[in-house]
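Enquirer: The sequence isn't on hand, but the structure is:
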DNA sequence: AGTAGCGGCCTATTTACGTCA
DNA sequence: CGTGACGTAAATAGGCCGCTA
């Protein structure tokens, strides 16, 4: 069972997004409230009934109190999440027991945590695509300039000679001149591009 | 094979709480 | 110190999907 690592206290918390490292999630930003810890712990305590639908027996239900997980609870949940993004019922039960929370709360926490993780990954993918778009735009401009230069060469006096010296690079399919390799645009280093505007 | 019931997950949304100007 | 705006995270609601009897 991989719910509660024995040395969890030394683990760094990371978002499991491939290719990126990120700062730990909100566990640490609660640092200023050391004094509130005990109060919150009391509020979060597992109700004795062990039932999700507590109360409502008589009269109007009291307003929903939203608990805040303690730092320790959050840390253990994060540790568990790092090992597995989903829990089977036994793991859920064990974790709930250990943290003195209801299994439903564990379930909800994992759902929200998965959603947060996905959101973060989506945001990073969005950033990546933005950068890619910028790179493609830049390359597009460069190619347009290259086309203009080639057109200018074609209408020049030694058109025939110049045109005959143009070759197509078989690898990158880029038009270049045999005489002056520097005419070819510098190869793009960052992104292997197949699509290209003509 | 079709289906109803169930449980788990996902997504969108609501809501309570904490922080800061 | 009180207050409103805002961000964050816990909780809810509803839908989808896979499993099973």
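Expert: Thanks, I have it. Only a predicted model underlies this, so the values are computations on that prediction, with no experimental measurement involved. Numbering: from 1, shown residues only, chains lettered A, B, ... in the order given.

Enquirer: average pLDDT for whichever strand or helix holds residue A:111?
Expert: Assessed by DSSP states H and E, residue A:111 sits inside helix A:103-154. In this model, helix A:103-154 carries a mean pLDDT of 92.

Enquirer: Is stretch A:68-85 positioned near DNA strand C?
Expert: Yes - for stretch A:68-85 and DNA strand C, the contact criterion (Cβ under 7 Å from any atom of the strand) is met by A:68-69, A:74. In short, each C-beta sits where N, CA and C put it, glycine included.

Enquirer: Now do the buried residues in that stretch.
Expert: Under the neighbour-count criterion of 16 or more other Cβ atoms under 10 Å, stretch A:68-85 has A:68-71, A:73-83 buried.

Enquirer: shaky segments in chain A?
Expert: Applying pLDDT under 70 to chain A flags the ranges A:1-65, A:156-198.

Enquirer: Now flag whichever of the buried residues of stretch A:68-85 is closest to DNA strand B.
Expert: Using Cβ to the nearest atom of the strand, residue A:68 is the member of the buried residues of stretch A:68-85 that lies nearest DNA strand B, at 5.4 Å.

Enquirer: Got phi/psi on residue A:88?
Expert: Dihedral angles of residue A:88 (phi, psi; degrees, to the nearest 10) stand at phi -80, psi 170.
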